[in-house]
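In: Let me see the structure of the following:
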Amino acid sequence: MDKILSGVRIVDLTQLLPGPLATMYLGDYGAEIIKIENPRLGDGTRYMGSRLDLEGDKENESPLFGMLNRNKKSLTLNLKREEGREVFHALLEKADVLVEGFRPMSMQKMGLGYGDLKDKFPHLIYVSLSGYGGTGPMKNFAGHDGNYTSYAGLMSLNVDAQGKPVLPAYQMADIGGGTLMAMSGILAALYYREKTGKGQHVDIGMADGAVAFLPLFLAESMASSSPLDPRQWILSGALPNYQIYETKDGRHVMLAALEERFFRNFLKAVEREGLLEKYTLTEDNFVYLKREVGNIFKEKNFGEWTPFFANPDICLSPIATPEEAMQNPQFLEREMFFRMPDGRGNSLVQLGNPIKFSAQSQIPKNPPPAQGEHTREILDWLGYSPERMEELKKGNIV
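Out: Okay, the predicted model is just below:
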């Protein structure tokens, strides 16, 4: 079947996590992704973190790069040189979308900002993905996920029992506020261009995307006469029926029986249905109910709770490790984890695409590119002669 984005060509200047993950997902949908890397170092994720010792892998690259860059072509190009910008312009003539992830003034300094390109390429959708967006007093601030979630108010909600903020081990702003917002912006802009024929600038700040996670807490806070304690909010510790509990052997489970009927189903499943007759599910009884339910979970080891996880109507789940999640039949059937050949006789663990389409049942499984792997192919397609390619290579342009 035709891929959802067949015929769409995306030029990708992003590195590290948010942008490459967004373009990888779009590549899953059939878009042609041309990843532009610096001729010397390339994308930093090629060298970040632990390495895999794989047969035929001379560069000994990080598995992180492989997890963010399938279904892409790699073109090395020095955009700081005039000859490199000429190649870049030739590429944009044939592109639908440009995605860049620099600080707002960086592209302008090279003469490649949206204002520099919009008249020459009126069809182009120019996507800027940055920490704080292209406007405002913080637009040129450096930052990372922890900065964006801190400014947005999210970090203050993620606290331990003493109320101290806890640093999450995952990237909420990068992925939720960056990757997914970029995908939404690109797809909406493509639809607009389909109707009007016009490209536009899509400006995405990851800190803005982090703010987008606040509606439930913010609405509750607005209705409260005093600041809310996140430890006592209904979704972060107040309720006995929406709570993390420890098992007898020190593992943990999540009881998320938010509606009372599911809580009653849970109590019936553990043969304690009389508990709500003794303590009604009201704020005055929350402390007692937490204690009683906590004692119930302490009666069994984690493994003994496994049969209860299979009950579809009690909202009880294990707090799984990532390794355990990779073995979950639910995620395996939906291809949220799979293996893909790396082109050198090895296989790479991959995260699946979370958005499923009935018109596209299969995700293309092309291995992540070596740095500059497709440079000659792309230059040939743009009309460059072999002689000119050699000149560009000798001049460190590609």
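In: residue with max distance from the center of the chain?
Out: Lys278 (44.9 Å; Cα atoms, centre = their mean).
In: separation between that residue and Leu289?
Out: For Lys278, the distance to Leu289 equals 9 Å [Cβ to Cβ, to the nearest Å]. No exception for glycine: its C-beta is placed from N, CA and C like everyone else's.
In: Wait, a helix at Val11?
Out: No: counting by DSSP: H, G, I helix; E, B strand; the rest coil, Val11 falls outside a helix, being strand.
In: got the contact list for it?
Out: For Val11, the contact set (Cβ atoms under 8 Å, 6 or more residues apart in numbering) comprises Ile34, Ile36, Leu91, Leu92, Ala95, Val97, Leu98, Val99.
In: run the last query once more with 10 Å
Out: Residues in contact with Val11 (Cβ atoms under 10 Å, 6 or more residues apart in numbering) are 23, 32-36, 75, 88, 91-92, 94-100, 124, 126.
In: cool, Lys365 as well?
Out: Contacts for Lys365 were tallied using Cβ under 10 Å, 6+ apart; they are Asp28, Arg70, Asn71, Phe338, Arg339, Met340, Pro341, Leu348, Gln350.
In: which one of those sits closest to Glu194?
Out: Glu194 lies nearest to Asp28 out of these, by Cβ to Cβ, at 20.3 Å.
In: Let's see the pLDDT reported for the closest one.
Out: Per-residue confidence (pLDDT) for Asp28: 96.
In: Quick check, central residue of the chain?
Out: Nearest to the chain centroid, counting by Cα atoms, centre = their mean: Ile175, 3.0 Å.
In: Then that one would be within a helix, right?
Out: Yes: counting by three-state DSSP, Ile175 is part of a helix.
In: so it makes contact with Phe213?
Out: No: counting by Cβ atoms under 10 Å, Ile175 does not reach Phe213; the two are 11.4 Å apart.
In: follow-up on the earlier one: list only buried entries from the contacts of Lys365.
Out: Buried by 16 or more other Cβ atoms under 10 Å: Asp28, Arg70, Asn71, Phe338, Met340, Leu348, Gln350, out of the contacts of Lys365.
In: And the last one, how close does it get to Ser74?
Out: With distances defined as Cβ to Cβ, the gap from Gln350 to Ser74 amounts to 18 Å.
In: Tell me where the stretch 1-150 of the chain has helices.
Out: With DSSP state H, counting those that start in this stretch as the definition, the stretch 1-150 of the chain shows helices at residue ranges 18-28, 63-68, 82-93, 106-109, 114-117, 145-152.
In: Just tell me which of those ends up closest to Met181.
Out: Of all the helices of the stretch 1-150 of the chain, it is helix 18-28 that lies closest to Met181, at 8.5 Å by Cβ to Cβ.
In: just the angle between that closest one and helix 145-152, please?
Out: Between the axes of helix 18-28 and helix 145-152, defined by axes from the mean of the first three to the mean of the last three Cα atoms, to 10 degrees, the angle is 100 degrees.
In: From the chain's centroid, how far away is helix 18-28?
Out: Here helix 18-28 is found 9 Å from its chain centre; the criterion is Cα atoms, centre = their mean, to the nearest Å.
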